[in-house]
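Visitor: need coordinates for the below:
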Amino acid sequence: MNIKIGESQNLISEKESKKTFSRKEGQLAIDCYETPSDFVILAAIAGVKIEDLDISIENNILIIEGFREIPGKEENRKYFLKECFWGAFSRKIVLSEDVDIARAEAFFQKGILKIKIPRIKRVKEKKVAIESKE
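Guide: Numbers count the residues shown, from 1 in each chain. Okay, the predicted model is just below:
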């Protein structure tokens, strides 16, 4: 998994060319929240290998792309219910202006992707001294 700032790399199209999936790309379900110090994105993506994830930030848009491979072969399967998404997925999140994308971090543990982007602390109020120019 790589975090790239200001450039885009599409690992998914390369992987899709090797697979024979007929479904369109899925949208990754996420939770977004903020704390006083960070903007945080959580995504449950069990079954995805870390090398099949790509995270980039371009023009204040966070892009998460990945690929979840179907376990085993598809031969002779008769589905009664199919809710799991297999194949390529992605999600784009517009970031607020008060985040420091240069310090973005991503962690992947037990099938949960967590991306933390520190918030920039802006001064909300400042007293301006008046100088005499006489």
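Visitor: mind jotting down where the helices sit in the protein?
Guide: Taking DSSP state H as the criterion, the chain carries its helices at 11-18.
Visitor: return the helix or strand in it with minimum mean pLDDT.
Guide: Within the chain, no helix or strand scores below helix 11-18, which has a mean of 39 by mean pLDDT, DSSP states H and E.
Visitor: run through the strands of this structure in chain order.
Guide: Assigned by DSSP state E, the chain shows strands spanning 3-5, 26-27, 31-34, 38-44, 53-58, 61-68, 87-94, 105-109, 112-118.
Visitor: who's in contact with the residue positioned nearest the centre of the chain?
Guide: By CA atoms, centre = their mean, the chain has its centre lying nearest to Ile64, at 3.3 Å. With contacts taken as CB atoms under 8 Å, 6 or more residues apart in numbering, Ile64 has the following neighbours: 28, 30, 41, 43, 53-55, 90-93, 113, 115. Using the backbone N, CA and C atoms, a C-beta is placed for each residue, glycine as well.
Visitor: would you single out the least confident of the strands of the chain?
Guide: Ranked by mean pLDDT, those bottom out at strand 3-5, which scores a mean of 49.
Visitor: where does Ser8 land on pLDDT?
Guide: Looking at Ser8, its pLDDT stands at 39.
Visitor: cool, and Glu75?
Guide: For Glu75, the model assigns a pLDDT of 76.
Visitor: fine by me, we can end here.
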